[in-house]
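S.K.: dropping a prediction and its sequence here:
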Amino acid sequence: MKDFGFGIKKSGVIDLDKADMSLMREIAAEEPSFLHCFYCGTCTATCSAGKYTGFNLRRLQLLIKRGQLDEVSERISECMLCGKCQWVCPKGVNTRHVVMLVNKKLHARKIR
Amino acid sequence: MEDVIVVIGGGPAGMEAALSLAGRGHKVYIVEKTNALGGHLARWDRLFPQQDPAQEILNDMLAGIKNADDKIEVICNAQVQSVKKRMRGLEVMLSNQKMILADAVLVCCGFDLFRAERKEEYGYGIYDNVLTSADLEERFKHKKVLCADGRVPEKVAFVHCVGSRDEKVDHTYCSKVCCVTAVKQACEIKELYPQAEVFNLYMDLRMFDRYFEQMYHKAQSHYGVHFVRGRLSEVSETADGRLQIKTEDTLLGRPMKITVDMLVLMVGMQACAQTEELSEKLDLKVSASDHFFETKDLFLKGNYAHTKGIFLAGACTGPKSLPDTLQDARSAAESIHRYLTA
Amino acid sequence: MHERFANAYDPFVIPYMIGYVFVLAYLVVALVTVVKNLPMSDRKKMLRHLFSFKLFVTIKDIFADCLLHVKIWKKNKMLGYMHSSIAFGWFMLILVGHIEIFFFAPHRVNLPWYPIFFRYFMMETETSVGGSVFFFLMDFFLLMVLSGIALAMIKRIRRRLFGMKRTTRLKWNDQLAMYSLWCIFPLRFLAESFTSHISGGGFLTRSFGMLFDWFNQFMNNDALIRPMWWAYSIALMVFFLTLPWSRFTHILSEVLLIYMRNAGIRESSKNNGYAGVEIFSCSRCGLCLDPCQMVSSASLRQMASVEFTRNVRLRQNKQAMEAASYCLMCDRCVQACPVGVNSVQLKLNLKAADVKYTYPNRYDYVEAEANPMDTGSAWADILHRTPEAAAPTKKVVRTPEVVYFAGCMSHLTPKIEQAMVRIFEAAGVDFTFLDKDGGICCGRPLMLAGDRTGSEQLVAKNTEAILATGAKVMVCSCPICYKIFKDTYKLEGVQVLHHTEYILQLMEAGKITVRKSSQKGVYHDPCELGRHSGIYRQPRDILYRVLNLQQTPYEGKDALCCGHSMAGEGMPYKKRRMIARDALRKMTENPVDVLVTACPSCKRSFAEIGTEEIRDIAEIVCDQLVTR
């Protein structure tokens, strides 16, 4: 049978119907400002860690909201919690708390 | 007997409302705190969306006021000291001890530009080559936009939303005009210095009004302005006195740095410094969320203050473009006329 | 004196005895639990302390703190009298009561209820000198306690008289305990008064007994005697039974706390043992409420330390965690606590217990070759330096006199960095700006969020880089960094200075000269620099030389918090802003030209309010530099 190669690469489509939105809901419940983000990227621009690595808080927040948690769990540990992002955030998002919550909740999931 | 109206503020809104009211046979006093009429319009070089010279528009209005000098009296270098309710109308006391018995008062105190120094990380007042949009207009008037050391800038970046949509300075609203002004000024830089590279750092491009989208199109296709979707985080000076700016290209998802010769901060609008004072003297309501004056409603009473006989027009009730301000002033004049003839 | 009843017993002692046995049992269980939770070294310390001379100091401290409440006297005389009259008066009643037994009924010493109900069981025969002295003393201390209780009642309504704007709101368990405590002494007074025509009494009880007798024409006084003693006994029982669940446990645990503290035991990183005793030592006096800016400026009363300790005690983990994540850790409550409960440490411990994740090699990316920003920072250079490059023969490597570490926050306040660079240049100091192009975080923010292993990993990375510079002095602009560099880092051979200390050194050594301006200013002590690091004098010494320094009521240890510490990650921005605005308003009540601080976070926090001129001390000095 001819192989069209479709099955080999993982699809890039986000299937929002099957996405895991529970983390988003849990974080939003404990830190409501998580929902205020308008994705301006100032946090990422100022990030102390982002200078050295691909850590991107704006993207991670969006990934959580789209239920794409693999990259989140891969990257979230890189944050140094220095708080620059929180200072520059024009929407008053408690970014440090968001990062803490993501770390805690992802760890709790792994244990489960 | 002719009705008397005191207009507080001699910017575009105050002038246009005065002209409109005078045209309907009312006597108008314009009380202006500086020594000349014109407001922010006098500081601007050209106006979006079609690059009309600001001076010409201002001159037309000034000429109109001069023609109507039997109906319009301009009192410069004066401020309102107190306003008292009388049997009929309002007794307005001015800082120069002049007293006017007015049938209505129109507040057109306008806006202040956001003080860019408040965003310390943007470097205004620290680095010489960081300007505000108003500083740039001043330079456009002289047709010369040079770096502090006299060089022609090779790379210029415009930062949108400085002091707008920013909870950290308690300005949560959009100032409406900065996006289109940034596009206008970016094009003007390219007109002056076609070799220059121009970057516009925006969060959302709000090209909402007539001709705006065309301006954006022209900036991209004709002038080759680069649009970067990202907000400035901080600025630092390089060893050779240039500016290194940090942002994220949010569409690519990667942090980005650009070294530029000049950085222009698109400062937003804020309620003018006299807002609180005037609100006490005239018993006006100020919005707790954006600190501009509140009107009775946003529809049919859009120019009515909550106090009888007092009206509002222009950017003192929220950010407005110049065309919107002029429209609003004429609509206020209509509201006052209706109120006085009812 | 002689005994009225041969069996020395009456059924009304039963309620008291129930309470008595219960409290004793509770005490034993609690003590065993505490000791069990202590590490071996601390247990040894406790044992050793029992046989050391320092025991006398401990006894003195217990006397001063638990009975006389010396610390509260210093805050407010009324409040001090209220606390000490109840505690000391009660203690003296117990003490004198026992002495009385030894005097008049030594064979009854083994009956625990005897001293409590002494006046019922004993009657005076003829007025002896010794007896009247005891009558007087017992009545005197009873009066003292009664006056204290009267004040306690007034305090519930008119707390301003006691220098408090706020006091604790009590839940039913505390209320039950408090009302029973309030009842004990008036009931004892009535019982003794009614018995006084039989057993005798002092100036208080006898006089009242006679007065009551005279008024009461309708009823035989004697009919009231036993009901009153019953009521007294029941009140004691209720108090004892509610004690373990009430704030009054502090009566017992505070003694233990002082003992342990004097034995050299300190808060560990976990909330058991010593910390557990601290939690039970909180008397809910509410003295931490007024200093807490979350309470006074942001309507967050439920987050106050007094509520936090209560929630920990009741194992209401969710509420306790929330309070811990809101607290800015400014230490104002710790300063105010008369018992010395370090609630900030308790909160840190709770936060740390909630961080269960660790990541191996978490921050190794700092050294990774691929640097996306590729700014060629001094940081990366240092960490990548090969041993050959580090050799002093190579020209590229120089050992600077001073390493300047601005800190993450200072990158957002470029005026501070600019001022410091100019000061270094003016003083002709050879320095390296270690994190000019961005560095890595000091680790204090992670620590304050409870992530201790993460913090340790960053500390290790930074230590390596700082030591690699070879500098002898490191100057920081951020008090947050300064605190952890001083306390936690092991930077042997490197002197860590905050820029206030360093600038003063430069001034005193004559390396920079400044002129004084007429500008009127006030100084705001950053929490991390002031209360946490004890740097109060240096900034003031500098400011006296450069401007017209004014005083505020919020100087030194009484300094306010700017609302934006690295703790309090759970506090919404709007609340932080309320705290900042209020603090700024208070400090600039008398108008000044400038508010000076020495922390980039404080500076930004106040600058965001946008009403006053806010500057860092380095900027002020830089402006006033006299260039030679």
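M.R.: That came in fine, so what should we check first?

S.K.: from here on, contacts and neighbour counts on C-alpha atoms
M.R.: Noted.

S.K.: what's in contact with stretch C:314-333?
M.R.: Contact with stretch C:314-333 is made by C:287-289, C:291-292, C:294, C:302-305, C:308-309, C:311-312, C:343-344, C:347-348, C:350-351, C:449, C:527-528, C:531-532, C:557-558, C:561, C:563-571, as judged by C-alpha atoms under 8 Å, 6 or more residues apart in numbering or on different chains.

S.K.: in PyMOL, select just the buried ones from these.
M.R.: Buried residues within these, by 16 or more other C-alpha atoms under 10 Å in any protein chain shown, are selected in PyMOL with:
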select buried, chain C and resi 287+288+289+291+292+294+303+304+305+308+309+311+312+343+344+347+348+350+351+449+527+528+531+532+557+558+561+563+564+565+566+567+568+569+570+571
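
S.K.: which ones among the contacts of stretch C:314-333 also lie next to chain B?
M.R.: Among those, proximity to chain B is found for none (C-alpha under 8 Å from any C-alpha of the partner chain).

S.K.: tell me which of the contacts of stretch C:314-333 fall in helices.
M.R.: Taking DSSP state H as the definition of helices, the contacts of stretch C:314-333 contribute C:Met294, C:Ser305, C:Phe308, C:Thr309, C:Asn311, C:Val312, C:Ser343, C:Val344, C:Lys347, C:Leu348, C:Leu350, C:Lys351.

S.K.: of all of the stretch 201-342 of chain B, which residue lies closest to chain C?
M.R.: Closest approach between the stretch 201-342 of chain B and chain C, counting by C-alpha to the nearest C-alpha: B:Glu234, at 6.7 Å.

S.K.: quickly list what that residue is bridged to.
M.R.: With DSSP bridges as the criterion, B:Glu234 is bridged to B:Lys246.

S.K.: contacting residues for it?
M.R.: If you count contacts by C-alpha under 8 Å, 6+ apart, B:Glu234 has them with A:Thr46, B:Glu121, B:Tyr122, B:Gly123, B:Ile245, B:Lys246, B:Thr247, C:His411, C:Leu412.

S.K.: so which of those residues comes closest to B:Ala186?
M.R.: Nearest to B:Ala186 among these: B:Ile245, at 17.4 Å, using C-alpha to C-alpha.

S.K.: how much space separates the closest residue in space to that closest one that isn't next to it in sequence from B:Thr259?
M.R.: What sits nearest to B:Ile245 in space, not counting adjacent residues and going by C-alpha to C-alpha, 6 or more residues apart in numbering or on different chains, is B:Val235, at 4.6 Å. From B:Val235 across to B:Thr259, the span is 10 Å (C-alpha to C-alpha, to the nearest Å).

S.K.: show me which of these two is the more surrounded one.
M.R.: Remark: of B:Val235 and B:Thr259, B:Val235 carries more neighbours, 25 against 18, as counted by other C-alpha atoms under 10 Å in any protein chain shown.

S.K.: what's the separation between that one and B:Leu146?
M.R.: Separation of B:Val235 from B:Leu146 (C-alpha to C-alpha) stands at 19 Å.

S.K.: on that earlier part again, just the ones in helices among the contacts of stretch C:314-333 now: which is nearest chain B?
M.R.: Of the ones in helices among the contacts of stretch C:314-333, the one sitting nearest to chain B (C-alpha to the nearest C-alpha) turns out to be C:Met294, at 19.3 Å.

S.K.: C:Pro456 touches C:Cys442, doesn't it?
M.R.: Not quite, residue C:456 is Glu, not Pro. No: assessed by C-alpha atoms under 8 Å, C:Glu456 is found out of contact with C:Cys442, at 9.7 Å.

S.K.: what are the ranges of the strands in the stretch 151-300 of chain B?
M.R.: Secondary structure of the stretch 151-300 of chain B (DSSP state E, counting those that start in this stretch): strands located at B:155-162, B:197-202, B:226-229, B:234-237, B:243-249, B:254-260, B:262-267, B:269-271.
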